[in-house]
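Q: Sequence isn't available, so here's the structure alone:
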């Protein structure tokens, strides 16, 4: 091969430089540097060594002129020792006729092609060595010339400029994409905040969160699981996911539950080996990767936001994805907390209004109707004493007996509306009086009520316990056709357990929506921070309520209402989406 003239090489360098600096992809720039260096200098092989951050060894080593089989035979790529290390220690051009003859040469490994002539030049960016360009084996044999060295140095300068331009462009693009992503995240967060403030339905807010979150982290599927007692329940989903709504996972035996309990996100590279419960339970049987983020409100775990498969290829989620999804998890937790708080406040207001209405009915019945009946009874009795004919009239006697009976019934109704014993003497005497009234109606009742005085100081809690017992016993009298009932009220740890068990016929199908007072009981128990279960069958009915004694639990905010969330769902299932509190006086069904 004849050596190129300086003008020809100069034109080639100018063309190469122009092409290099116009390229904005770093990897493409590196590939072009290797190919152009071989073409300009006539080298058979070219390599580019990229230094590590400490600039003491090679972090990357790119080659040109070797086929894949040759690279495989060579084995591990060099790390910057021997002759290659000379340029690292002393970043100046190095030209050798026989590379193996250099004092620092280590020789070549087995399978390495023969190399004699060597030319190495540093690539310096902003005064610091970024890497080195290595050229070996000039085509046609012979050594690299001084002209080749000068050309390689010029090419290295072009390379430094091109690499810096590409890096700056890529950095700028990353920042632009991050800014755009952050802006989309802020816009989505604002939309969610507006939805939380303007939409009364929690389901719609959660649906918006999963859809926006899926788009921002580029996930194939996103789920929201809310905590209900000791389980996580799927509340919303978006993307490529089968219908998994209402699917339940145990907190103690699932990876999602661990994320909730620990309060820390978890990125999962292989869902089938790392999730304790397979993704098919969540409607994503073809998922590969996952990102699980806890939904926290004031430190309390409300639920888990789960994303599956990043991008079309189902790749792993990044730290940026995790940070972005944490923002959405926080929004979801706030939405749940606000919804529960508003719902609880509305329910509490309705119960308070109901109690006030009962007091008003009791007062009006006592002050007006009861007094009027008493006055009528006195008039008839006086007429009997003064007129012998009237005294012997059967209708008058029957009227007096009816008035006395209805007076007793009215007193019982007033007691049911708001028993004075509950206000004056406390819960246990009021329970005793309630049981005695039900016994008077022909019901055999065994009652065991044992409470510490400290357990019944809270008037709201005492009212809840009394109303649960009252409604349960009323149902037994009216509907159960039971022979006997067992009533229990006692303390277990920090809770008061209330149980009413009868041996009657149980509730008919659909009774929970037919005015049996179950919704009212559930609402009161829910507001008290407790749970209630109703078990009904051929062997009778059991109503069992668990009510926390602590002030915090009894007056909890909406953010803490997770233990009895299932009871709230049962309220909705009763066909009463708003409020189920009956403001009519309890007991008006009584008959002589």
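A: Cool, the structure landed. Bear in mind the structure is a predicted one, so any value in this text is a computation, not a measurement.
Q: okay, and for the stretch 151-300 of the chain, where does confidence drop off?
A: 181-182, 184-186, 188-189, 191-200 (pLDDT under 70).
Q: which stretches of it form helices?
A: Applying DSSP state H, counting those that start in this stretch to the stretch 151-300 of the chain gives helices spanning 202-217, 255-262, 271-274.
Q: The residue lying closest to residue 218 once chain neighbours are set aside and residue 219, how far apart?
A: Excluding its sequence neighbours, the residue lying closest to residue 218 (C-beta to C-beta, 6 or more residues apart in numbering) is residue 311, at 5.3 Å. For the C-beta atoms, the positions are set from N, CA and C on the backbone; glycine is no exception. To residue 219, residue 311 is 8 Å away according to C-beta to C-beta, to the nearest Å.
Q: Show me what the helix or strand encompassing residue 535 is packed up against.
A: Here residue 535 sits within strand 531-537, counting by DSSP states H and E. On a contact count with 3 or more C-beta pairs under 8 Å, 6 or more residues apart in numbering; DSSP states H and E, strand 531-537 meets helix 518-527, strand 540-548, helix 565-573.
Q: among these, where is the model least confident on average?
A: Confidence, taken as mean pLDDT, is least for helix 565-573 of those (a mean of 44).
Q: sorry, back to before: what's the residue nearest to residue 218 sitting at in phi/psi?
A: In terms of degrees, to the nearest 10, the main-chain angles of residue 311 are phi 80, psi 180.
Q: doesn't residue 217 make contact with it?
A: No: Residue 311 is beyond contact range of residue 217, at 9.6 Å (criterion: C-beta atoms under 8 Å).
Q: Mind checking which of the two has more residues around it?
A: residue 217 (24 against 13; other C-beta atoms under 10 Å).
Q: Ignoring the adjacent residues along the chain, who's closest to the more buried one?
A: Among residues not flanking residue 217 along the chain, residue 321 sits closest, at 4.4 Å (C-beta to C-beta, 6+ apart).
Q: how close does that neighbour get to residue 305?
A: 12 Å.
Q: Which one's more surrounded, these two?
A: residue 305 (29 against 22).
Q: what kind of secondary structure is the residue nearest to residue 217 in?
A: helix (DSSP: H, G, I helix; E, B strand; the rest coil).
Q: wait, what's in contact with it?
A: Neighbour list for residue 321: 217-218, 291, 307, 310 [criterion: C-beta atoms under 8 Å, 6 or more residues apart in numbering].
Q: do the same with residue 91
A: 122, 124, 129, 132.
Q: helices and strands around the strand or helix carrying the third one, which ones?
A: If I follow you right, that is residue 129. If you go by DSSP H and E, residue 129 is part of strand 128-138. Where contact means 3+ C-beta pairs under 8 Å, 6+ apart, strand 128-138 is packed against helix 26-41, strand 43-51, helix 83-89, strand 118-125, helix 146-198.
Q: Using the neighbour-count criterion, name the buried positions in that strand.
A: Buried residues in strand 128-138, defined by neighbour count with 16 or more other C-beta atoms under 10 Å: 130-138.
Q: same thing with stretch 379-394?
A: Neighbour-count burial for stretch 379-394 [16+ other C-beta under 10 Å]: residue 384.
Q: For it, measure first residue to last.
A: One end of stretch 379-394 sits 16 Å from the other (C-alpha to C-alpha, to the nearest Å).
Q: Just give me how far it sits from the chain centre.
A: 77 Å (C-alpha atoms, centre = their mean, to the nearest Å).
Q: what's next to it, contact-wise?
A: 396, 399-400, 403.
Q: Show me those that map onto strands.
A: The strands, defined by DSSP state E, take in nothing from those.
Q: TSV for those, including distance to residue 261?
A: Output for the contacts of stretch 379-394, formatted as TSV (distance: C-beta to C-beta, whole Å):
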residue	distance to residue 261
396	75
399	70
400	70
403	65
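Q: Nearest spatial neighbour of residue 476, chain-adjacent residues omitted?
A: Going by C-beta to C-beta, 6+ apart, residue 476 has residue 502 as its nearest residue, at 4.8 Å.
Q: Let me see the contact set for the one you found.
A: Here residue 502 is in contact with 476, 480, 482, 484-486, 540-541 (C-beta under 8 Å, 6+ apart).
Q: same check, this time on residue 251
A: Counting by C-beta under 8 Å, 6+ apart, residue 251 touches 227, 230-232, 257, 260-261.
Q: of all those, which comes closest to residue 433?
A: residue 230 (38.0 Å; C-beta to C-beta).
Q: Can you verify my assumption that that closest one contacts residue 249?
A: No: counting by C-beta under 8 Å, residue 230 stays clear of residue 249, with 10.2 Å between them.
Q: Between these two, which has more neighbouring residues?
A: More crowded of residue 230 and residue 249, by other C-beta under 10 Å: residue 249, with 20 against 12.
Q: Test my guess that the more buried one contacts residue 225.
A: Yes: between residue 249 and residue 225 there is a contact under C-beta under 8 Å: 6.9 Å.
Q: what do the two both touch?
A: Here residue 249 and residue 225 have 232-233, 256 as joint contacts, going by C-beta under 8 Å, 6+ apart.
Q: By neighbours, which of the residues you listed wins?
A: residue 232 (27 neighbours).
Q: Leaving out chain neighbours, which residue sits closest to that one?
A: Closest to residue 232 by C-beta to C-beta, 6+ apart is residue 225, at 4.0 Å.
Q: Return the residues in contact with residue 238.
A: By C-beta under 8 Å, 6+ apart, the neighbours of residue 238 are 207, 210-211, 213-214, 221-222.
Q: For these, name the two members farthest from one another.
A: The widest separation within these (C-beta to C-beta) is 13.7 Å, between 207 and 221.
Q: Neighbour count: those two, which is higher?
A: residue 221 (24 against 17).
Q: you'd agree that one is up against residue 236?
A: No: using C-beta under 8 Å as the test, residue 221 is too far from residue 236 to be in contact (11.5 Å).
Q: picking up where we left off before, got the angle for the strand holding residue 129 vs strand 118-125?
A: 160 degrees (axes from the mean of the first three to the mean of the last three C-alpha atoms, to 10 degrees).
Q: Just give the strands next to strand 128-138 in its sheet, each with its orientation.
A: strand 43-51 (antiparallel), strand 118-125 (antiparallel) (DSSP bridges).
Q: Other residues contacting the longest one?
A: In this structure, residues lying in contact with strand 43-51 by C-beta under 8 Å, 6+ apart are 30, 33-35, 37-38, 57-66, 78, 80, 84, 88, 113, 115, 119, 123, 129-139, 144.
Q: Is it possible to mark the buried ones in these?
A: The buried subset of the contacts of strand 43-51 - by 16+ other C-beta under 10 Å - is 30, 33-34, 37-38, 58, 61-66, 78, 80, 84, 88, 119, 123, 130-138, 144.
Q: separation between the residue lying closest to residue 249 once chain neighbours are set aside and residue 207?
A: Of all residues beyond its chain neighbours, the one nearest residue 249 is residue 232 (4.6 Å), with distances taken as C-beta to C-beta, 6+ apart. Distance of residue 232 to residue 207, computed by C-beta to C-beta: 18 Å.
Q: What of residue 330?
A: 17 Å.
Q: for residue 299, same thing?
A: 26 Å.
Q: just to revisit the earlier point, so what's the residue nearest to residue 249 up against?
A: Taking C-beta under 8 Å, 6+ apart as the test, what residue 232 contacts is 225-226, 248-251, 254, 256-257, 260, 303-304.
Q: Just the buried ones from those residues, in PyMOL syntax?
A: To isolate the buried ones among those in PyMOL, judged by 16+ other C-beta under 10 Å, type:
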select buried, resi 225+226+249+251+254+256+257+260+303+304
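Q: closest to residue 100 among the contacts of residue 232?
A: residue 256 (61.3 Å).
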